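> Below: sequence and its predicted model.
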Amino acid sequence: MIRYALGRLTSLVISLFVASLVIFAVIEVIPGDPAAFMLGVNARPDTIAALRAEMGLDQSVVTRYFDWVTGLLRGDFGQSWTYKTPVAELIADRIWVSLPLAIYALILSTLIAFPAGIYAASHRGGPGDITIMGATQLGVAVPNFWFAMILVLIFAINLRWFSAGGFPGWDNPFQAVKSLTLPAIALALPQAAILARVMRSSLLDMLGEDFIRTARAKGLTRRQALWKHAVRNALIPVLTIIGLQFSFLLAGGIIIEQVFFLPGLGRLIFQSISARDLIVVESVVMLLVFTVIVVNFAVDIAYAAVDPRLRAKA
Amino acid sequence: MHHLKRFAASTAIVLCGTTVLAQDSITVAIQLEPPNLDPTGGAAQAIDSVLYANVFEGLTRFASDGSIIRGLAQSWDISDDGTVYTFNLAAGVTFHDGTTMNAEDVKFSLDRARAEDSTNAQKGLFAGITDVTVIEPLSVQIILDQPNGNFLFNLAWGDAVIVAPESIENIASNPVGTGPFTFTDWVQGDRIELTRNADYWGSAPALESATFRFISDPTAAFAAVMAEDVDAFIGFPAPENLPQFEADPRFQVLVGNTEGETILSTNNKMPPFDNVLVRQAVAHAIDRQAIIDGAMFGLGTPIGTHFAPHHPDYVDLLANSPHDPDRARELLAEAGFADGFTTTLKLPPPSYARRGGEIIAAQLREVGIETEITNLEWAQWIEEVFTNKDFGLSIVSHTEPMDIGIYANPDYYFQYDNPEFQTLMEKLNATTDPADRSDLLAKVQTIISEDYVNGYLFELAVATVAKADVQGLWVNQPTAAVDLTGVSWSE
C-alpha cells in the first residue's frame, strides 16, 4: 500500500512539474507585450522599458520561470501586474464566488437528475420516460448561456424577482445565494440532462444483471429490488460523471460568469488573458491543474483502499 | 470601520424615514473594470472613467463641453515669452487622508510624472517641463523649455492629477485624491464604491454615494439596465437596443460625442500605400454613411480629417473624399493597379472595428482591393500593428483629445513622414495666440486630408442610457470621465 501510494505521489510531482513547464511555455509564446498593452498607444519607449523592468520582464525566461516556480513552492503566487495586488488575494476573492456556484449547480443538477433518471428507468418506454428523455435531449443540446439569457429575460427583466447579475458579497448570505441562483440553474440544467441520461442507462444495465434476478427470485418486488440493489450499484458510473462535472463547473463557468457579470475565477482568467496579466493566468491555471491532479491522486488512493487487487499489483 | 459608518447611515435614513426620501446614491455601469486605480500609471481609460474629477483633480480640468477650466489652480499667470507658468492654488484643500494639498504636492506630482523611471502612459504631456519650483505654499511655478499652446490642456488630463507623496505607495489599490468623492471600497471584478467627501474644498456634490459596476457583455448590459440594477450606463455597448430604451418612459438615452476619430489606419511606408494615389483610391472607395449605419446603428459623425467635428477649429474636409467607386478605380489604374491588389486588414476587438471591417472589406472589394481580415486582441494589436507595424490596413478609434500631433511623428505606426507637417506642428505647439492657433490647426487638418494619410471614417459617438429622473450626466466625453459632481435625481 505504501509503495503504491509513493508511486502515485511520484507521478503527481512529475505531473505538476510538467504542467508548470507547459503552462509557462504556452503563456510565454502568446503574442502581445504586457507592458506595451498597459501603457497604450501614447506611451514612449523609455516608459515601456521602465515598466518592463518594474514587472521583471527584462530578465531571462529561465530566471522568470525559476522565480515563479520557487515562489509557488513557498506559497507565493506573485503580484498581479495590472491589479497590483497579490495574486493569492485575487484568487481568494474569486474562489468564494466560483466554488459556491459550482457546488450550488452540482446540488441542483443532482436533485433534478436523480429522480428523473430513476423514474425514467423504472418506467421504461412509458410516457414519463419518453417525456424525460425528450427533455434531456433538449437539455444536452442547448448551451447553458442560452438558458442563462432566457432566465434573465423571465426572472430579472419581466418578473423582477432577481437582479440581472452581479454578486453582492457574502456579508449578506441571503442576497449572495439569491444572486447565484439564476447562474446555478443555468449551469445545472445541461449537467442535469447528462446526469439523468447516465443515471437511467446505468440503472437499466443494472436491472438486467443476474443479482437483480436473484433478488427478485428471493421475493423482492420490482421496486424493492430497484431501490435496494440496482440504484446503489448504478451510482458508481454516476459518481464518476459527477466528479468530472465538478471540475468542469469550477473552471467552465466562464461564460455564465460573463453573462451574469459575476466576479469568479473564470472571469479572472478571461480578463487576465486579455490584459496580458500573465502572472495571474499562470498561477490560476496552475492552481486548477493542481486541484485536478490532487483530486485524481485522492481518487487513486481511495480506489486502492477499496480494491485490494490494485494494492497487490503495485 | 466602514461597516459602522454604513450602519450609522442606514439608521439615519430610518430615523427620518417618514419624510419623502430623496435619492442620494447612484449605481453607474461602465463597460470595463479599471485594472488598478492609479490614473498616473496605466493607460486604461476605465481608471479615469471612475476617478477623474470624482476622486482626483489636477491643476486644470476638462468641463463637459471639452473646454479647459480651473481645477486646483484658481488662477495663473503666463510670462510674456510663454515659458513660465505661475499657478495660484486653491486654499484649504486637503487630501482624503487629511493631509494638506500645497505646492509641494504639485511639484511632487509633476516631477514624478516626468521622472526618468516614470511609468506615466502620457509622459509626453510633461515633455517640455524643465523645472517645477515651489514659490509659496500655494504658489507654484512651472518652467518650459519653449512656449506650449497646449500646456493648460495637457495639465487637464487624468494622467496629470495631483497626488500626495504620503499615499503614493498604495495608490493603485487605495487612491487618495482631493476630489468631491472619496474611494471607499473595491470588490474586484464587481464594483467600486465612492462616498461624498465631507471636507471637499469646492461646492459639495448632490450625491451621497456612488457605485460603479462593470459590464462588458452587450446582452448583460441590456439586462442590467432593463432590470433596473443600474441607474445609468455610460458607454452602453449595444446600440441596437437604444430605440427600445428611447421608447420606454422609464429611461432616457443620451447620445454624445467623444474625442475618438475612427480611422482606417494605413501603413504609409508599405507598398502600395506609399503611393498617395492608392490612398486616395481607398478614400473614395469608402462609403462612410454605410459604415456608420451598418456598424454603429447610425451613431457617429462622418469626418474628413483627424479632428473632432465638435471642436470650434474643425474644418469640414469631407469633400476631399466623397464615396466614388469609379474614381477609386481610375486612381488605382493610374497608380498601376488596374487589377487591384491584396492587403491585410487587422482588426482590434471593438465592434466599430469588427463590424466596420466587414463593411469596408466589401467596399474595397468593389474597387478591386482584396483584404485578408485578421481579428486581433488588443495586446496582439499593440504588438503586431502598433509596435511592429506589420499591417496594411487597420481600423482604430484614436480617443485621445487633440491628438493630431501623432502625424508629426514619423515612427508612429501609420508612418506618415511629411517635414512640412512636422514644421507646422512645431509652430502650432509654440503658438499661444488663439487666432494664430486656429489658422495653423486648419492648415494641418487640410494637409493630412489632402495627403489621404488614413481613411477618415467617423467620430465615435457615446451612448448613455439612464433612468429618466437622473440629471446632470455628461452627454459628451471630452475625456474618459463619469463626472458625478453635477449629477442628481430630479424630484
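Noted; the coordinates are in hand.

> what about the nearest residue to B:I162 once chain neighbours are set aside, neighbour count?
Nearest residue to B:I162, sequence neighbours excluded (Cβ to Cβ, 6 or more residues apart in numbering or on different chains): B:S109, at 4.8 Å. No exception for glycine: its C-beta is placed from N, CA and C like everyone else's. Residues lying near B:S109 (other Cβ atoms under 10 Å in any protein chain shown) number 24.

> Over to the one 5 residues further on?
Residues within reach of B:R114, counting by other Cβ under 10 Å, total 18.

> residues touching it, list them.
Counting by Cβ atoms under 8 Å, 6 or more residues apart in numbering or on different chains, B:R114 makes contact with B:120, B:123, B:126-127, B:129.

> ok, which pair from these is furthest apart?
Maximum pairwise distance among the contacts of B:R114 (Cβ to Cβ): 12.2 Å, between B:N120 and B:I129.

> Could you check which of those two has the larger neighbour count?
The neighbour count for B:N120 versus B:I129, taken as other Cβ under 10 Å, is higher for B:N120 (28 against 19).

> Check whether that one sits in a helix, strand or coil.
Under DSSP: H, G, I helix; E, B strand; the rest coil, the three-state class of B:N120 is coil.

> In the stretch 301-450 of chain B, which residue sits nearest chain A?
Per Cβ to the nearest Cβ, B:A379 is where the stretch 301-450 of chain B lies closest to chain A, at 2.9 Å.

> Near that residue, how many other residues are there?
Residues lying near B:A379 (other Cβ under 10 Å) number 21.

> What confidence value was assigned to it?
Looking at B:A379, its pLDDT is 84.

> now do B:L457
If you check B:L457, the pLDDT there is 97.

> What strand or helix carries it?
strand B:455-467 (DSSP states H and E).

> secondary structure element for B:A210?
strand B:209-214.

> That strand and chain A, are they touching?
Yes: residues of strand B:209-214 contacting chain A under Cβ under 8 Å from any Cβ of the partner chain: B:213-214.

> what about that strand, distance to the chain center?
Computed by Cα atoms, centre = their mean, to the nearest Å, the separation of strand B:209-214 from the middle of its chain amounts to 20 Å.

> next one: stretch B:420-439
How far stretch B:420-439 lies from its chain's middle: 23 Å, per Cα atoms, centre = their mean.

> picking that back up, tell me the contacts of the residue nearest to B:I162?
Neighbours of B:S109 in contact, by Cβ under 8 Å, 6+ apart: B:40, B:160-163.

> and of these, the nearest to chain A?
B:T40 (11.6 Å).

> Spatially nearest residue to B:V475, not counting backbone neighbours?
Leaving aside its sequence neighbours, B:V475 sits nearest to B:G256 (Cβ to Cβ, 6+ apart; 3.8 Å).

> so for the helix or strand containing the one you found, what's the average pLDDT?
Using DSSP H and E, B:G256 maps to strand B:251-266. Taken as a whole, strand B:251-266 has an average pLDDT of 95.

> so where is the chain shaky, pLDDT-wise?
No chain specified, so I'll use chain A. Low-confidence segments of chain A, defined by pLDDT under 70: A:1, A:251-252, A:303-314.

> wait, I meant chain B there
Scanning chain B for pLDDT under 70 picks out B:1-22.

> circling back to that earlier point, ok, which of the contacts of B:R114 also contact chain A?
Answer for the contacts of B:R114 near chain A (Cβ under 8 Å from any Cβ): B:120, B:123.

> Next, the angle from the strand holding B:G256 to strand B:455-467.
Orientation of strand B:251-266 against strand B:455-467 (axes from the mean of the first three to the mean of the last three Cα atoms, to 10 degrees) gives an angle of 160 degrees.

> Return the set of buried residues in strand B:251-266.
B:251-266 (16 or more other Cβ atoms under 10 Å in any protein chain shown).

> One more: stretch A:17-37?
For stretch A:17-37, the neighbour count (16+ other Cβ under 10 Å) marks A:19-20, A:23-24, A:32-37 as buried.

> out of those, what pair is the most spread apart?
For the buried residues of stretch A:17-37, and using Cβ to Cβ, no pair is farther apart than A:A19 and A:A36, which are 28.6 Å apart.

> Restrict stretch A:120-132 to CA atoms and write it as CSV.
Provided in CSV are the C-alpha atoms of stretch A:120-132 (Å, rounded to 0.1, in the frame of the first residue of the first chain):
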residue,chain,number,x,y,z
ALA,A,120,-37.4,7.1,-16.4
ALA,A,121,-35.5,3.8,-15.8
SER,A,122,-38.3,2.3,-13.7
HIS,A,123,-41.0,3.4,-16.2
ARG,A,124,-39.0,2.4,-19.3
GLY,A,125,-40.9,3.1,-22.5
GLY,A,126,-43.8,4.8,-20.7
PRO,A,127,-44.9,8.3,-21.4
GLY,A,128,-42.9,9.6,-18.4
ASP,A,129,-39.8,8.0,-19.7
ILE,A,130,-40.3,9.5,-23.2
THR,A,131,-41.0,12.9,-21.9
ILE,A,132,-38.0,12.9,-19.6
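
> The residue of the stretch 301-450 of chain B closest to chain A is in contact with A:P31, isn't it?
Yes: B:A379 lies in contact with A:P31 (Cβ atoms under 8 Å); the separation is 7.3 Å.

> Give me the contact status of stretch B:480-487 with chain A.
No: Stretch B:480-487 stays clear of chain A (Cβ under 8 Å from any Cβ), getting no nearer than 11.4 Å.

> SS state for the residue nearest to the residue of the stretch 301-450 of chain B closest to chain A when sequence neighbours are not counted?
The spatially closest residue to B:A379, leaving aside those adjacent along the chain, is A:G32, at 2.9 Å (Cβ to Cβ, 6+ apart). At A:G32 the chain is in coil, as set by three-state DSSP.
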